[in-house]
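>>> what shape does this take:
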Amino acid sequence: MSASHLNNFVEDDIKNRYAVWTAHYGVNKPSYSGNYGMWQKSSTGRISGINGDVDLNEAYADYPGIIKNAGLNGFQKPENTAVKSEQKTKEIEIKIDGETYSGTLVKI
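Okay, here's the model as predicted:
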């Protein structure tokens, strides 16, 4: 989406909710004033083996990693491999101002 369109027509709640991909050609930096995750800087790039123009983009987030970790686009969401420590508990009973309180403490 063009920087001009983002600045003038897209509501802030939408821009804050989604990763913004802005397009602005022929500049050192887009004129879009908000945060963006990708900048399309040209539509006339060249790549060996491809006939014709291609878009040139700069990504500022690890989108392949985000997609894989979220289990999107056919990827399996990775299982949590962290080893959970055994939870330790202790039953207690205490007296405060003549009143008795009891409960279970959990070590964190």
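>>> SS state for the residue most central in space within the chain?
In the chain, the residue lying closest to the centroid (C-alpha atoms, centre = their mean) is Ile66, at 6.6 Å. When classified by DSSP: H, G, I helix; E, B strand; the rest coil, Ile66 comes out as helix.
>>> please report how far it lies from Met38.
According to C-beta to C-beta, to the nearest Å, Ile66 and Met38 sit 12 Å apart. No exception for glycine: its C-beta is placed from N, CA and C like everyone else's.
>>> and Lys29, by the same measure?
14 Å.
>>> which one's more surrounded, the two?
Neighbours were counted for Lys29 and for Met38 using other C-beta atoms under 10 Å; Met38 has more, 16 against 9.
>>> how about the nearest residue to the more buried one once chain neighbours are set aside, what does it touch?
Computed as C-beta to C-beta, 6 or more residues apart in numbering, the closest residue to Met38 that is not its neighbour in sequence is Trp21, at 4.2 Å. Counting by C-beta atoms under 8 Å, 6 or more residues apart in numbering, Trp21 touches Met1, Tyr36, Gly37, Met38, Trp39, Gln40, Asn57.
>>> check what pLDDT Trp21 gets.
At Trp21, the model reports a pLDDT of 92.
>>> over to Ser43?
94.
>>> wait, a helix at it?
No - note on Ser43: no helix contains this position according to three-state DSSP, which reports strand.
>>> could you list the low-pLDDT ranges of the protein?
Residue ranges of the chain with pLDDT under 70: 81-87, 101, 105-108.
>>> how about the helices of it, start to end?
3-9, 12-17, 63-69 (DSSP state H).
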